[in-house]
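Trainee: got a predicted structure plus its sequence, pasted below:
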Amino acid sequence: MINPRKARQRGHANYGWLDTFHTFSFGTYQDPNFNNFRNLRVINEDFVSAGEGFGMHPHRDMEIVTYVLSGALKHQDSMGNGQVLRPGEFQRMTAGTGITHSEFNDSQTDPVHLYQVWLVPQEKDLPPSYEQKPFPQAERLNQLRLVASPDAQQGSLLIHQDARIYLATLEQGRTLSMDIAKGRHAWLQVMQGSVSVNRIALDTGDGAAISDESYFEISALSNAEILLFDLA
C-alpha cells in the first residue's frame, strides 16, 4: 500500500523570515491524521531568509537530522559545537537528556533551503551528541546512499533508532528499486524534481508512506533528489 502525502496538503506557515512546510503535526499546525509515521515524527521543509534563523532553543529525547539543499546553515549548541552545514552534508544531533542550539542562515544575501527530520529515539535520556558528514554526489548519483543508521554502517551518521535513511540524486529516466523486509515500512520524500513510485507520480515536496509492500521501484520523471526512510 502506497499512500501519497501531497505537498499542498502539508501544514504551512510564513513568518516573513521563515517559510516552512510541515509533513506532520508541528507547532501551530496540528492534524491528528498526520502526527507521525512509525518512529518518524517530523519532516519540515524550511526556507530561511538571509541573516535570519532560530535563536537558542531546547530539545530533548529526539534524533534530529538536517540536510541543506541550497545555501548554508550555521549551527551552534550547548556542547560547544559550531559548524556550517552546506549542500551535500548531513547533521545529526541526539538531544537526549537535553540540549540547546541555534540555527542561522550563514549568508547575509542568499536564502537557505533545508529539510529537518526528527525521529523518536529507542531510549530516553541518552547522552547528547552531534556529528556532521559530507556525502558527495558521486556516492549518491543514481543510487541509494545510506546516510544514517543505528550501526553507522558505510560511514553513515549514527542514529539511536531502528531506522535507515538514504539519499539519492537521480537523473531523468533512471530507476532505483528496494526490497522491504516483512514487518517494515518506508517513507519516500521528494525534495526536488519528480518521480514515480510503483507508477504513482510524486512531485517536489510530496511524500509517500509505503506499507505492506515487499518491493517497490522509484523512477525519475525529471532530475530529482529524494530521501528514503526504512522504518520498523
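Mentor: Structure received.
Trainee: I figured Ala152 was touching Leu158, is that so?
Mentor: Yes. Using Cβ atoms under 8 Å, Ala152 makes contact with Leu158 at a distance of 4.3 Å. Where you see a C-beta, it was placed from the backbone N, CA and C, and this is true even at glycine.
Trainee: wait, what's in contact with the residue positioned nearest the centre of the chain?
Mentor: Residue closest to the mean C-alpha point of the chain, counted by Cα atoms, centre = their mean, is Val117 at 4.2 Å. Contacts for Val117 (Cβ atoms under 8 Å, 6 or more residues apart in numbering) come out as 40, 42-44, 64-67, 165, 227.
Trainee: residues contacting Asp106?
Mentor: 71-74, 84, 112.
Trainee: what do you get for Leu228?
Mentor: So Leu228 contacts 144, 165-168, 178, 186-189, 218 (Cβ under 8 Å, 6+ apart).
Trainee: beta-bridge partners for it, please?
Mentor: Residues in a beta bridge with Leu228, per DSSP bridges, are Tyr166, Leu188.
Trainee: now Tyr67
Mentor: Under DSSP bridges, the beta-bridge partners of Tyr67 are Phe90, Tyr115.
Trainee: per-residue pLDDT of it, please?
Mentor: For Tyr67, the model assigns a pLDDT of 98.
Trainee: ditto for the one 3 residues further on
Mentor: As predicted, Ser70 sits at a pLDDT of 98.
Trainee: the closest residue to Pro134 other than its chain neighbours: how many residues sit nearby?
Mentor: Using Cβ to Cβ, 6 or more residues apart in numbering and skipping residues adjacent in sequence, the residue nearest Pro134 is Glu89, 4.8 Å away. Neighbourhood size, Glu89 [other Cβ atoms under 10 Å]: 19.
Trainee: go on, Tyr29?
Mentor: Tyr29: 16 neighbours (other Cβ under 10 Å).
Trainee: what residues are up against it?
Mentor: Taking Cβ under 8 Å, 6+ apart, we find Tyr29 in contact with 11-13, 22.
Trainee: list the contacts for Thr28?
Mentor: Contacts of Thr28 (Cβ under 8 Å, 6+ apart): Ala13.
Trainee: what residues are up against the residue lying closest to Gln143 once chain neighbours are set aside?
Mentor: Distance criterion Cβ to Cβ, 6+ apart; nearest residue to Gln143, sequence neighbours excluded, is Ala168 at 6.4 Å. By Cβ under 8 Å, 6+ apart, the contact list for Ala168 reads 140, 142-145, 176, 218, 225-226, 228.
Trainee: who wins for neighbours among the contacts of Tyr29?
Mentor: Going by other Cβ under 10 Å, His22 tops those with 21 neighbours.
Trainee: so what's that residue closest to, chain neighbours aside?
Mentor: Gly11 (3.7 Å).
Trainee: could you pull out the helices for this protein?
Mentor: 137-140 (DSSP state H).
Trainee: hang on, the earlier thing: out of the contacts of Tyr29, which sit inside strands?
Mentor: 11-13, 22 (DSSP state E).
Trainee: could you give the bridge partners of Ile99?
Mentor: His59.
Trainee: that one contacts Met79, doesn't it?
Mentor: Yes. With contact defined as Cβ under 8 Å, Ile99 counts as touching Met79 (6.7 Å).
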